[in-house]
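Peer 1: structure of the sequence below:
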Amino acid sequence: MPSSKDAKDMLRESRFEYGILKDVPCSEKDNQKYQKMLEKGENLPDGVCQYKNADTGDFIGEFYTVIDQHFSDSEKQEYLKYVELSYKKEELRHIETIKNCVVFFTVLTVISLLISFLVMINT
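Peer 2: Next comes the predicted model:
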């Protein structure tokens, strides 16, 4: 069972994924300022975070601020319903594509069998 910190991290990542929280990259000047702060052992200001390399997990010299979209609870629920609906629509499109492929290959197989049967009869 994941710890509560893991669950909170997952919840925070989900908020970013679904657009409830946004990260806004800092300017080059701010990046340099924050990098110097870290080198001096100082803490970053509230709301400022450092990007990590996706492959290695190491911090890189770029920073971002976190912006909350300030949705009310009802707006969050409504927004997440729309996100869920869009995923369902995409799933339906995938299912429709699979169905079309199955129909295509079935028709192709039937045509091949008919041609094979006709060639066999004529020989």
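Peer 1: secondary structure element for D23, which one?
Peer 2: Assigned by DSSP states H and E, D23 belongs to strand 21-25.
Peer 1: which stretches in the protein count as strands?
Peer 2: 21-25, 48-52, 59-68 (DSSP state E).
Peer 1: list the helices and strands the second one packs on?
Peer 2: Of the remaining helices and strands, those touching strand 48-52 by 3 or more C-beta pairs under 8 Å, 6 or more residues apart in numbering; DSSP states H and E are helix 28-39, strand 59-68. C-beta here means a position set from N, CA and C on the backbone, and glycine is covered the same way.
Peer 1: swap in the longest one?
Peer 2: For strand 59-68, the helices and strands in contact under the criterion 3+ C-beta pairs under 8 Å, 6+ apart are strand 21-25, helix 28-39, strand 48-52.
Peer 1: and the first one, which strands flank it?
Peer 2: Pointing back at strand 21-25 there. When pairing is defined by DSSP bridges, strand 21-25 lines up against strand 59-68 (antiparallel).
Peer 1: so which of the strands of the chain gets nearest S86?
Peer 2: In terms of C-beta to C-beta, the element of the strands of the chain nearest to S86 is strand 21-25, at 18.4 Å.
Peer 1: now the longest helix seen in the chain: mean pLDDT?
Peer 2: When the chain is parsed with DSSP state H, its longest helix is helix 73-122. For helix 73-122, the mean pLDDT works out to 92.
Peer 1: mind giving me the packing neighbours of it?
Peer 2: So helix 73-122, by 3+ C-beta pairs under 8 Å, 6+ apart, packs with no helix or strand.
Peer 1: if we can go back for a sec, which one of the helices and strands packed on strand 59-68 lies nearest to L92?
Peer 2: Comparing the helices and strands packed on strand 59-68 by C-beta to C-beta, strand 21-25 comes nearest, at 28.7 Å.
Peer 1: quick revisit: and D9, which of the helices and strands packed on strand 48-52 is closest to it?
Peer 2: Among the helices and strands packed on strand 48-52, strand 59-68 sits nearest to D9 (C-beta to C-beta), with 13.7 Å.
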